[in-house]
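**Q** Provided below for reference: sequence and predicted model.
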Amino acid sequence: MTAGIRKITPPRIIITILLFLVLISSLFLRTRRILDSPGWFRDEGLYLEVAQQIGKAKLQMGAVNITFVGTNMTHPPFYFICANLFFKLARPDMYFFRLFNALLGVLACFTLFLLGVEAGRFGKRNEPAPLSSEILGLLAAFFFSFHYDAVLYNRMGMPYNLYMLEAILVAFFILRYLRLRLFPWCLGACVVASISLLTVYYSVVFIPFILLAILYMKKLKHLWALACVPIPLLIFFAYLALGKTPGFRDDFLALKNASRSGSLFVILLHYQDFFQTGVSYFIGLAGLLFLRRKNAAGFLFLLYLFIIHIVLRKEDTIIRFIHYPVIPILPFVALGVAAIVLWAWNGVRRFSPAFLLLIPAILGAWFGFRQTKEGVYGRFNSPMEFGMTKNTEDNFKAAAFINRNTKHSDLVISTSVLWSLLRTLNADLAQSVVFKGEKIFFYKQDYPRERFLFSPEIDRAKFIVMDAFTNEWRNQQPDSSWYPITKEIREIEANWKLVHTQGEFRIYLNPDWQDKNLVE
């Protein structure tokens, strides 16, 4: 019984060499000019701040405390803890934060190879995998290594990058469980699913996925492992509740309300939006059905739908503009494309017209690689461009001006992408407005002042930094939930002195502060 668990044979020499080259390519594409392209995204600044502060035993994001269950921070802490541990080996800055995510992408590329090999295997045999399954895994890793969205988002600080790796592992363990019928593989899937619930709440989809596998195997005695999956998350909730973390109850109720599904019409509209984001997502989904091992095809197809459905079912999801929830399905997209290509290649041997599909596959791979290469050496374009800085050098120069003219105790109100570069008390305009008692889109529920770790009042700040993101806020209409910020921006621009401009950044000095000693 245990021999099937212990015996994992290495791939053939030629496959190993080619896999090594794919991994090297994956690493290069994910790390080359990682600070410059894409631009720094606003959420990355928030996530980096949380990862830095959690290492100091602080539940902090700018001026506010966080509970990891509110609508303004919907990710549990495991990803941030892992990032902070990585910082201890390096530096807590944006470069190493992005490098941590890039390495998760490379690791995902390797584990996707293992998943592909497993998806192509049959029976309970312990002998080496057939060549066709190793080629399937290699093709999946190859397509994933340069898929435009995979490279783009693996170069950014997103909790979904860890969720992506966990999704591959859950799928791998379940496919081995289905093939070998051994409980330790089911247990492994449950352990990873348990960790995933502490990474991204959306990973709750692993529970019905594993449940279906257990029922398919008719191994009801294994259900106890699945029942243990939510326990670590419940322990974390209990820790926050019993520790009387400020705002936990309100945030928990807000998250509960936000988790409800939209109407059927809204869900179908979101599915339409999703399949318009890129043809590879549809091809990858359909391609999973081309896997010759039918239980692998069926279960991976379901997992793909589970992962994306939990996002698309939400009332306020706009997948076309907030694109990063696709991150965890990207490995399965690559695997589906690999299955189609392998099926088409087999058509060559059968003299079947299926081999004609190799032509668009080769052309698509070539153009996809060219597009990704242009993003690495130039600029990745993203649906999130509205919230990204345009020039990395401007980030450093704007922060340097502020640091030269502030003390550690000074308050600076700026976009979160600058926080990791500043040696000051940091907050953003949204937090300043909420501190006054207003409600805005990002802070929908009541946010009493005891939730604030220090006062982010606008009049208390020495500098306020405007950028491309605040330009979006500046032009909101009175019926917009962002309008309280719009009013503040216009008042600041009218009454504060513009003392420094660096690219998109405009730095305003509080009129109550003297500007004669500013150092350029």
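**A** Here it is on my side, so go on. Numbers count the residues shown, from 1 in each chain.

**Q** ok, Glu504 - contacts?
**A** 389-391, 394, 467-468 (Cβ atoms under 8 Å, 6 or more residues apart in numbering). No exception for glycine: its C-beta is placed from N, CA and C like everyone else's.

**Q** Mind checking which of the residues you listed are buried?
**A** Neighbour-count burial (16 or more other Cβ atoms under 10 Å) is assigned, among the contacts of Glu504, to 389, 391, 394, 467-468.

**Q** Tell me the one of those residues nearest Ala338?
**A** Using Cβ to Cβ, Thr389 comes nearest to Ala338 of those, at 35.5 Å.

**Q** Would you point out which residue is most central in this protein?
**A** The centre of the chain sits closest to Tyr160, judged by Cα atoms, centre = their mean, with a distance of 2.6 Å.

**Q** isn't that one right up against Tyr201?
**A** No - contact criterion Cβ atoms under 8 Å: Tyr160 and Tyr201 do not qualify, at 11.6 Å.

**Q** re the thing from before, could you tell me which of the buried ones among the contacts of Glu504 are located in strands?
**A** Among these, DSSP state E puts none in strands.

**Q** Out of those, which sit inside helices?
**A** Using DSSP state H, the members of the buried ones among the contacts of Glu504 that fall in helices are 394, 468.

**Q** Report the contact partners of the nearest residue to Ile214 once chain neighbours are set aside.
**A** Excluding the flanking residues, the one nearest Ile214 by Cβ to Cβ, 6 or more residues apart in numbering is His222, at 5.2 Å. Contacts for His222 (Cβ under 8 Å, 6+ apart) come out as 183, 186, 214.

**Q** which phi and psi does Asn391 have?
**A** Here is the backbone geometry of Asn391 (degrees, to the nearest 10): phi -140, psi 120.

**Q** Numbering from 51 from now on, please.
**A** Sounds good: first residue 51 from here, last item Asn441.

**Q** which residues touch the closest residue to it other than its chain neighbours?
**A** Of all residues not flanking Asn441 in the chain, Gly553 sits nearest, at 5.0 Å (Cβ to Cβ, 6+ apart). Going by Cβ under 8 Å, 6+ apart, Gly553 touches 440-441, 443-444, 447-448.

**Q** and Gly553, backbone torsions?
**A** phi 60, psi -120.

**Q** Could you check how far it is from Leu559?
**A** 18 Å (Cβ to Cβ, to the nearest Å).

**Q** how many neighbours does Pro561 have?
**A** Here the number of neighbours of Pro561 (other Cβ atoms under 10 Å) works out to 12.

**Q** returning to what we had before: could you check the pLDDT of the residue nearest to Asn441?
**A** Note on Gly553: pLDDT of 94.

**Q** can you list the domains in this protein?
**A** Domains of the chain are assigned by automatic domain parsing as 53-82+117-427, 439-559.

**Q** can you tell which of the ones you listed is closest to Ala107?
**A** That would be domain 53-82+117-427 among these, by Cβ to Cβ, at 10.6 Å.

**Q** gap between that closest one and the chain center?
**A** Centre-to-centre, domain 53-82+117-427 and its host chain are 11 Å apart (Cα atoms, centre = their mean, to the nearest Å).

**Q** Give me the mean pLDDT for the longest helix anywhere in the chain.
**A** The longest helix of the chain (DSSP H) is helix 144-169. For helix 144-169, the mean pLDDT works out to 98.

**Q** Quick check: buried residues in it?
**A** 144, 146-169.

**Q** And for stretch 528-541?
**A** Those would be 532-536, 538-539, for stretch 528-541 by 16+ other Cβ under 10 Å.

**Q** quick one: contacts of that stretch?
**A** 479-480, 482-483, 488-491, 508, 516, 520, 523-527.

**Q** From these, pick the one nearest Asp366.
**A** Nearest member of the contacts of stretch 528-541 to Asp366, counting by Cβ to Cβ, is Phe491, at 9.4 Å.

**Q** Which phi and psi values does the closest one adopt?
**A** phi -60, psi -50.

**Q** and the helix or strand Phe332 falls within, what does it pack onto?
**A** Secondary structure from DSSP states H and E places Phe332 in helix 329-337. In terms of contacts (3 or more Cβ pairs under 8 Å, 6 or more residues apart in numbering; DSSP states H and E), helix 329-337 is packed against helix 314-325, helix 344-362, helix 380-399.

**Q** The same query, at a cut-off of 7 Å, please.
**A** Packing partners of helix 329-337 (3 or more Cβ pairs under 7 Å, 6 or more residues apart in numbering; DSSP states H and E): helix 314-325, helix 380-399.

**Q** The last one: what's the following helix or strand?
**A** Where DSSP H and E defines the elements, the next helix or strand beyond helix 380-399 is helix 408-427.

**Q** mind listing what's buried in that following helix?
**A** Buried, per 16+ other Cβ under 10 Å, within helix 408-427: 411, 414-415, 418-419, 422, 425-426.

**Q** how close does the nearest residue to Ile390 once chain neighbours are set aside get to Tyr203?
**A** Distance criterion Cβ to Cβ, 6+ apart; nearest residue to Ile390, sequence neighbours excluded, is Gly337 at 4.2 Å. Distance of Gly337 to Tyr203, computed by Cβ to Cβ: 21 Å.

**Q** Repeat that for Asn115.
**A** 28 Å.

**Q** Which of those two has more residues huddled nearby?
**A** Shown here are Asn115 and Tyr203; by other Cβ under 10 Å, Tyr203 has more neighbours (26 against 19).

**Q** Can you classify the more buried one as helix, strand or coil?
**A** helix (DSSP: H, G, I helix; E, B strand; the rest coil).

**Q** which residues does it contact?
**A** Applying Cβ atoms under 7 Å, 6 or more residues apart in numbering to Tyr203 gives the contacts 211, 374, 377.

**Q** switch to 6 Å and redo it
**A** Residues counted as contacts of Tyr203 (Cβ atoms under 6 Å, 6 or more residues apart in numbering) are 374, 377.

**Q** what pLDDT does it get?
**A** Residue-level pLDDT assigned to Tyr203 equals 96.
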